[in-house]
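Asks: Build me a model:
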Amino acid sequence: IPIAESSTHGRTESQAERLVARIDAAGERSRRRRARARIDVTAQSEGDGLMSITAVLSSVDAARIMAVVDSQARSRRREQAEAIAAGASDVERLTLGQHRARALLGMLGLSGDDGARSVTPEPTPGQVRAEISVVIDAATLLGLTGGAVDVPGWVRVGSAAPGAVDRDEILTLLADPTVPTTLRRLISDPATGALIDRGAHTYTPTPELVAWLVARDGGCRFPGCTARAVLCDVDHAEDFSAGGWTSIANTGLLCRRHHNGKTHGGWQIVDSAADGSCVFIAPDGTRHRHRPAPLLNPPTLDP
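Replies: So this is what the prediction gives:
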């Protein structure tokens, strides 16, 4: 309830799903097995010569597909922008969504039907590297809880949004030789659920601070914003030019729009803490408190 009162619908829903998985791990596995019967691909007319295709897939498969589609689309949009800047006059001016559609067709070895050039087949989803984050609280890690628990996890493939996975799905992905995979440990404080440690070994040369912030914030921490981490900048709560430290407590993720709003639009961030909490002050003086969703919900203590 505190998360619902101060965060977005999407983040509240995500945290509720994690809580259910934490409380009823066996039931969650059973529900996931039953849910696999809903996997399907359907099509529906949208009018005006358009049709939507809906694919209901496992979190892992959907993340792998979206990682390739989004990566290819963004690469093509950069090439388009560079060509336009260079003065090319015959460049198709496509939206990012249109580039995603072209990339998807390319993955299938098909071409567009809108009179455009054929799309060259792109790499298959299995060629994209995956990172699996497994969350465990410190007490469980130290063997203080009296037994093993079925800890939750989620998978992030390329730049796709993370999707929840269970133990069986993690093992399946790790056993897939076509997907280079990193297994990462996230440790939470058993009392608060806040991130207190993140495995330092990584497959990319990303600075450890950035990796920590991605794991802690998950995306833009501006109130109400749902921008994913891949679209965010690392922001100093207290500006670096004003003496602000480049530390966990003084930094956080902001999307470009809200980063610019803080830098040029009169917004401020105060009381920034290592757990990701902070207070945003609007230009009119209104205060908005931000608290990141905990990685694991703290246990309920009996009175």
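Asks: switch to C-alpha atoms for all contacts and neighbour counts from now on
Replies: Fine.
Asks: Residue 253: how many residues sit nearby?
Replies: 29 (other CA atoms under 10 Å).
Asks: Kindly report the same for residue 217.
Replies: Counted with other CA under 10 Å, residue 217 comes out at 23.
Asks: What residues does the nearest residue to it once chain neighbours are set aside make contact with?
Replies: In this structure, residue 217 finds its nearest non-sequential neighbour in residue 292, 6.2 Å apart by CA to CA, 6 or more residues apart in numbering. Residue 292 is in contact with 216, 217, 221, 275, 276, 277, counting by CA atoms under 8 Å, 6 or more residues apart in numbering.
Asks: Please enumerate the strands of the chain.
Replies: Secondary structure of the chain by DSSP state E: the strands cover 40-47, 50-56, 130-137, 153-157, 163-165, 181-188, 195-198, 232-236, 251-255, 268-270, 278-281, 287-290.
Asks: least reliable of the ones you listed going by mean pLDDT?
Replies: Note on the strands of the chain: strand 153-157 shows the lowest mean pLDDT, a mean of 60.
Asks: Any figure for the gap between the closest residue in space to residue 8 that isn't next to it in sequence and residue 242?
Replies: Distance criterion CA to CA, 6+ apart; nearest residue to residue 8, sequence neighbours excluded, is residue 224 at 5.4 Å. Residue 224 sits 27 Å away from residue 242, going by CA to CA, to the nearest Å.
Asks: before we move on, what about residue 285?
Replies: 21 Å.
Asks: before we move on, the earlier item: per-residue pLDDT, the residue nearest to residue 8?
Replies: Here, the pLDDT recorded for residue 224 equals 87.
Asks: Verify the stated contact: it with residue 7.
Replies: Yes - using CA atoms under 8 Å, residue 224 is in contact with residue 7, at 6.4 Å.
Asks: more crowded one of the two?
Replies: residue 7 (22 against 14).
Asks: Can you pull the phi/psi pair for the more buried one?
Replies: phi -120, psi -170 (degrees, to the nearest 10).
Asks: just checking, it touches residue 225?
Replies: No - proximity of residue 7 to residue 225 does not meet the contact threshold set by CA under 8 Å, at 9.0 Å.
Asks: Can you report how many residues lie near residue 50?
Replies: 8.
Asks: Kindly state the beta-bridge partners for it.
Replies: residue 47 (DSSP bridges).
Asks: returning to what we had before: give the intersection of the neighbour lists for residue 7 and residue 225.
Replies: With CA under 8 Å, 6+ apart, residue 7 and residue 225 have no common neighbours.
Asks: List the buried residues of the longest helix belonging to the chain.
Replies: Counting by DSSP state H, the longest helix found in the chain is helix 59-85. In terms of neighbour count (16 or more other CA atoms under 10 Å), helix 59-85 has its buried residues at 59-74, 76-77, 80.
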